[in-house]
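Asker: this is the structure alone, sequence omitted:
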């Protein structure tokens, strides 16, 4: 990770300090730097350890190395573990599970963007009578945690005869009070003239939304994509309740199941974990600034 | 929040359209309903319906798989059973313990790091980027990593402890010792979620006007006084938000416990959600489990209302 890739983040740039002052030793500065490095070590070393261990081929060696400094070093790195777990069928079909997770993520995010942005737009600029009531309801629904509706949802799904598959993992989480509200909030702060001018030209509501407001809402689309994507990627409780076979099993459940076995194949568990981490990490490195602002943006009210 | 003003403006602008555009108005209304419908339908089916259903199921003896005998209405019997189950109280006490431990470890560390990062230090964007990495790491992956760190008796943590204490400290069975298991869960949870809280604190710090610091400086306030009288009051909404979100997450604690300890050893890491899933899914008593989910909802609601109350003077 290069420093330049991160330099575009929106925090203030460090001011230029005159060269003479910089040279003076400053105890406060030293403590500051030392604590930053210690925190960085604590935060990063577990991830580093995972990456290193996934490149070691011998599972007994991984365990033996764990308690020593060799845990942070691999003398002859190999991708054998990845080749072992990245199958698309059989016992170690983590390639398939990864693909399943990507499908679920992609479908949830695309569906969520369309459904929630349309609703947010109508709530902000529509002329429907009950808009204020719906908006209040959406805000109130935000309080309900997923965990407290999951048991009745299991009853509903099993009564409907759905026991497995992709749809049951995607459809329930597409519409969301939080994301509808985020879109609403974003659209409502755009200037009124935008809407009026387009309407004057005879554009329909959907046209105004599709051709004028949506192209302007890249920040909202990015925020919701990132938050929904991470949420979909990390789903764990719901998929263990509704997936029975490995047909649509996401990688989170697959790793946890693999991990729950009596004697753990650490080399494979590590490689599978790295597989699960890679897509999100790639997105994070590419869009780091958006990630941070998205999470700040999700922190509105309770 | 500017929701009502913007909304009202939009309606007012639309209103003065006399009978000439009546047909257009109707088309517009249909379009709006069409755009709202998917969200309304999905939220009704997958959020409102199960929510209402949970109150009903909670008062029945609903099983997971349909039985020949009809589902019976049992009133508040499920709730009475829960309140008489010592395991439920253990679970409640465990998440409370978890909250009490994680607030200083996670929120405290996040706050300190944010204070450090808010100053002009070299590579601070790089540091911020690194500190946020665990927050985007899946809990399942976090569990795999930390399970190796916690290895007994020769895992990294035990080796470091032994090294630092010259062998005085005996290896700790982090996840297998009832006295340590919940604390170990706290450590890995704090490591994972800390980056998120750090950026919330950073945003809070950036929201405090530089002029307030300048004014305090002119009045002769030293660094500590500026911290207590400018920074801390300015961060009050952030503190409340972070504490509330941490508490709510603690009550929803599930994944780490399900993967690493399954509520054990000796129920020392049993949590409310894990208790609910165990009863509903493994014991197949969905009525009973729904009652737990109703209780969970009420707890979260009380915490959220408490936040509203504490922040009533702020416009959030």
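Answerer: Received it, and whenever you're ready, just let me know what you need. Computed from a predicted structure; not experimentally measured.

Asker: list the contacts for residue A:259?
Answerer: The contact partners of residue A:259, taken as Cβ atoms under 8 Å, 6 or more residues apart in numbering or on different chains, are A:269, B:140, B:143-144, B:147, B:259. No exception for glycine: its C-beta is placed from N, CA and C like everyone else's.

Asker: quick check on those residues: which are buried?
Answerer: For the contacts of residue A:259, a burial check counting by 16 or more other Cβ atoms under 10 Å in any protein chain shown picks out A:269, B:140, B:143-144, B:147, B:259.

Asker: right, and the helix or strand after the lowest-mean-pLDDT helix or strand in chain B?
Answerer: Lowest mean confidence among the helices and strands of chain B (mean pLDDT, DSSP states H and E): helix B:3-14, at a mean of 46. Next helix or strand after helix B:3-14 toward the C-terminus (DSSP states H and E): helix B:22-43.

Asker: which strands and helices sit next to that next one?
Answerer: Applying 3 or more Cβ pairs under 8 Å, 6 or more residues apart in numbering or on different chains; DSSP states H and E, we find helix B:22-43 packed against helix A:94-125, helix A:131-141, helix A:205-207.

Asker: may I see the buried residues of that helix?
Answerer: In helix B:22-43, counting by 16+ other Cβ under 10 Å, buried: B:28, B:31-32, B:35-36, B:38-40, B:42-43.

Asker: and chain B, which of the helices and strands packed on helix B:22-43 is closest to it?
Answerer: Proximity to chain B (Cβ to the nearest Cβ) singles out helix A:94-125 among those, at 3.5 Å.

Asker: outline the domain layout of chain A.
Answerer: As assigned by automatic domain parsing, chain A contains the domains A:26-78, A:84-301.

Asker: which of the ones you listed has the lowest average pLDDT?
Answerer: When those are ranked by mean pLDDT, domain A:26-78 comes last with a mean of 84.

Asker: and it, does that touch chain B?
Answerer: Yes. Domain A:26-78 is in contact with chain B by Cβ under 8 Å from any Cβ of the partner chain, via A:32-33, A:35-36, A:39-40, A:42-44, A:46-47, A:49-50, A:53, A:62-63, A:66-68, A:71.

Asker: also stretch A:285-300?
Answerer: Yes. Using Cβ under 8 Å from any Cβ, stretch A:285-300 reaches chain B at A:288, A:291-292, A:295-296, A:299-300.

Asker: ok, back up a step: single out the most deeply packed of the domains of chain A.
Answerer: domain A:84-301 (a mean of 19; mean count of other Cβ atoms under 10 Å in any protein chain shown).

Asker: list the contacts of residue 176.
Answerer: No chain was given, so I picked chain A. Here residue A:176 is in contact with A:112, A:116, A:228, B:43 (Cβ under 8 Å, 6+ apart).

Asker: please refer instead to chain B.
Answerer: Taking Cβ under 8 Å, 6+ apart, we find residue B:176 in contact with B:152, B:265.

Asker: for residue A:116, see how far away the residue minimising distance to the centre of chain A is.
Answerer: Centroid check for chain A by Cα atoms, centre = their mean gives residue A:230 as the closest residue, at 1.5 Å. Residue A:230 sits 16 Å away from residue A:116, going by Cβ to Cβ, to the nearest Å.

Asker: and stretch B:294-307, which residues are buried?
Answerer: By 16+ other Cβ under 10 Å, the buried positions in stretch B:294-307 come out as B:294-297, B:299-300, B:303-304, B:307.

Asker: could these be laid out in CSV, adding distance to chain A and pLDDT?
Answerer: Output for the buried residues of stretch B:294-307, formatted as CSV (distance: Cβ to the nearest Cβ, whole Å; pLDDT from 0 to 100):
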residue, distance to chain A, pLDDT
B:294, 7, 95
B:295, 9, 95
B:296, 5, 94
B:297, 4, 95
B:299, 9, 93
B:300, 5, 93
B:303, 8, 91
B:304, 5, 88
B:307, 5, 84
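
Asker: narrow the residues you listed to those in helices?
Answerer: Cross-referencing those against helices under DSSP state H gives B:294-297, B:299-300, B:303-304, B:307.

Asker: what about the helices in the stretch 101-250 of chain B?
Answerer: Ranges of helices within the stretch 101-250 of chain B are B:109-117, B:124-131, B:139-149, B:156-164, B:181-206, B:210-218, B:223-226, B:232-234, B:236-251, based on DSSP state H, counting those that start in this stretch.

Asker: what is the third one packed up against?
Answerer: Judged by 3+ Cβ pairs under 8 Å, 6+ apart, the packing partners of helix B:139-149 are helix A:27-54, helix A:251-259, helix A:266-286, helix B:156-164, helix B:181-206, helix B:255-260.

Asker: now render the ones you listed as TSV, adding distance to residue A:189.
Answerer: Converted to TSV, the helices and strands packed on helix B:139-149 look like this (distance: least, Cβ to Cβ, whole Å):
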stretch	distance to residue A:189
helix A:27-54	35
helix A:251-259	36
helix A:266-286	27
helix B:156-164	48
helix B:181-206	18
helix B:255-260	36
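
Asker: burial count for the residue nearest to residue B:57 when sequence neighbours are not counted?
Answerer: Once flanking residues are discounted, residue B:57 sits nearest to residue B:290: 3.9 Å by Cβ to Cβ, 6 or more residues apart in numbering or on different chains. Residues contacting residue B:290 under the criterion other Cβ atoms under 10 Å in any protein chain shown number 31.

Asker: so who does the spatially closest residue to residue A:81 that is not a sequence neighbour touch?
Answerer: Nearest residue to residue A:81 in three dimensions, chain neighbours excluded: residue A:271, at 3.6 Å (Cβ to Cβ, 6+ apart). By Cβ under 8 Å, 6+ apart, the residues touching residue A:271 are A:54, A:81-82, A:84-86, A:94.

Asker: can you do 7 Å?
Answerer: Applying Cβ atoms under 7 Å, 6 or more residues apart in numbering or on different chains, we find residue A:271 in contact with A:54, A:81-82, A:85.

Asker: so which of these are in strands?
Answerer: Using DSSP state E, no member of those falls within strands.

Asker: nearest to residue B:222, of these?
Answerer: residue A:54 (50.2 Å; Cβ to Cβ).

Asker: hmm, back to that, now tabulate the helices and strands packed on helix B:22-43 in JSON lines and tack on distance to residue B:21.
Answerer: Below are these laid out as JSON lines (distance: least, Cβ to Cβ, whole Å):
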{"stretch": "helix A:94-125", "distance to residue B:21": "17"}
{"stretch": "helix A:131-141", "distance to residue B:21": "19"}
{"stretch": "helix A:205-207", "distance to residue B:21": "13"}
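
Asker: as a markdown table, the contacts of residue A:259 with distance to residue A:284 would be great.
Answerer: A markdown table is the format used below for the contacts of residue A:259 (distance: Cβ to Cβ, whole Å):
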| residue | distance to residue A:284 |
| --- | --- |
| A:269 | 22 |
| B:140 | 17 |
| B:143 | 20 |
| B:144 | 19 |
| B:147 | 24 |
| B:259 | 23 |
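
Asker: low-confidence stretches in chain B?
Answerer: Across chain B, the ranges flagged by pLDDT under 70 are B:1-20, B:314-316.
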